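Colleague: Predicted model, plus sequence, below.
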Amino acid sequence: MSSESPLSPFSTLVISRPANAITHVELHRPEKRNAMNRAFWSEMVDCFNQIASDSECRVVIVSGAGKMFTAGIDLMDMASDVLQPEGDDIARTSWNLRRIISKYQETFSVIEKCPKPVVVAVHGACVGGGKREKVIHS
């Protein structure tokens, strides 16, 4: 994990250490109201897998940059995956949609399975998938 510097290997998250043993994960797409795009879904999994094995982290705080916690799913970015899954027939289309949804569900499951306490600091609006994070760790 990074130190107090807001530098991060992620494009949708900023990871910092505001104090000893505290890891701060900030949803960082304020220009899009922290809407959850394709990159977010995989970055949260990678981030929380790293946090789970970080012996210097004892607690995680999740917050959102800007005016709101999250606007939920970035529909413009995600529409083609969810609304037009690949498949030549209903069975293959359904199988691919299930695979996509399972992949996105892992984003929240990894937070739930995190061995560190996770506190979510919600401010402003918390729409769609953001409510799922709030419910798991409020």
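Modeller: The structure has been received and is ready for your questions. Numbers count the residues shown, from 1 in each chain.
Colleague: neighbours around residue 110, how many?
Modeller: 17 (other CB atoms under 10 Å). (Glycine included, C-beta is placed from N, CA and C.)
Colleague: What strand or helix carries it?
Modeller: In this assignment (DSSP states H and E), residue 110 forms part of helix 90-112.
Colleague: Kindly provide the whole-number mean pLDDT of that helix.
Modeller: Helix 90-112 carries an average pLDDT of 88.
Colleague: would you put the C-alpha positions of that helix in CSV?
Modeller: Output in CSV follows, covering the C-alpha atoms of helix 90-112 (Å, rounded to 0.1, in the frame of the first residue of the first chain):
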residue,chain,number,x,y,z
ILE,A,90,-30.7,-17.5,-25.1
ALA,A,91,-28.7,-20.2,-23.2
ARG,A,92,-25.3,-18.8,-24.2
THR,A,93,-26.5,-15.2,-23.7
SER,A,94,-27.8,-16.1,-20.2
TRP,A,95,-24.6,-18.0,-19.3
ASN,A,96,-22.4,-15.0,-20.3
LEU,A,97,-24.7,-12.6,-18.4
ARG,A,98,-24.4,-14.8,-15.3
ARG,A,99,-20.6,-14.8,-15.7
ILE,A,100,-20.5,-10.9,-16.0
ILE,A,101,-22.8,-10.5,-12.9
SER,A,102,-20.7,-12.9,-10.9
LYS,A,103,-17.5,-11.0,-11.8
TYR,A,104,-19.1,-7.7,-10.6
GLN,A,105,-20.5,-9.3,-7.5
GLU,A,106,-16.9,-10.2,-6.5
THR,A,107,-16.3,-6.5,-6.1
PHE,A,108,-18.5,-6.4,-3.0
SER,A,109,-17.8,-10.0,-1.8
VAL,A,110,-14.1,-9.1,-1.5
ILE,A,111,-15.0,-6.2,0.8
GLU,A,112,-17.2,-8.5,2.9
